[in-house]
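Novice: Take a look and give me a structure for this.
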Amino acid sequence: MTKIDFFSNAPNRLEYVTRLLKKVLAAQQKAVVFAPANTLSQISYALWQLDGFYAHDVITPNAAEPLVAPIILTSTAPAHLPHYEVLINLSDELPSFFAAFLRLIEVVPAQDEPKQKARERWAHYKSRGYPLTHFDIAKK
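Specialist: Reported below is the predicted structural model:
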């Protein structure tokens, strides 16, 4: 069953996600980031700017190449992915494909509307018996 972690009150989601991705790779795991397209381009740019290159592939509507990178960025529910270890959700949607992953990380900003949508996703996961953990980033 997918383990689900919520990280709430992220002051800067982009910065937090790049740190998370570095930790995932350091643990020799692979990740998929699910987010709106404009957010994915920001993450891709940030991954190029980090200390060293972090290999990643972006799923585009007309991508024909096989995906092999340890980090996959997508704004759609893909039919097939090269790995299913960690899914990081930066969208306000419930990723329809989350249950295929060992772990789901929800990164929630401090703004009211995304927090409310995250509460709805929490309730959905909880009602289905998924193990949930919450971390308030602002309290660190």
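
Novice: can you pull the buried residues of stretch 117-129?
Specialist: Neighbour counts over stretch 117-129 (16 or more other Cβ atoms under 10 Å) mark 117-118, 121-122, 125 as buried. (C-beta placed from N, C-alpha, C; glycine too.)

Novice: I misspoke; the intended subject was stretch 43-57.
Specialist: 43-44, 47, 54, 56-57.

Novice: cool, stretch 132-140 as well?
Specialist: Applying 16+ other Cβ under 10 Å to stretch 132-140 flags residue 137 as buried.

Novice: Any idea how far that stretch is from the middle of the chain?
Specialist: Offset of stretch 132-140 from its chain centre (Cα atoms, centre = their mean, to the nearest Å): 16 Å.

Novice: And the contacts of that stretch?
Specialist: The contact list for stretch 132-140 (Cβ atoms under 8 Å, 6 or more residues apart in numbering) reads 3-11, 16, 110, 122, 125-126.

Novice: Mind checking which of those are buried?
Specialist: Neighbour counting with 16+ other Cβ under 10 Å marks 4-8, 10, 16, 122, 125 as buried within the contacts of stretch 132-140.

Novice: any chance of the residues you listed in a markdown table, with secondary structure, pLDDT and distance to residue 135 too?
Specialist: Output for these, formatted as a markdown table (DSSP: H, G, I helix; E, B strand; the rest coil; pLDDT from 0 to 100; distance: Cβ to Cβ, whole Å):
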| residue | secondary structure | pLDDT | distance to residue 135 |
| --- | --- | --- | --- |
| 4 | strand | 98 | 12 |
| 5 | strand | 98 | 7 |
| 6 | strand | 98 | 7 |
| 7 | strand | 97 | 5 |
| 8 | strand | 96 | 7 |
| 10 | strand | 92 | 10 |
| 16 | helix | 94 | 11 |
| 122 | helix | 98 | 13 |
| 125 | helix | 98 | 15 |
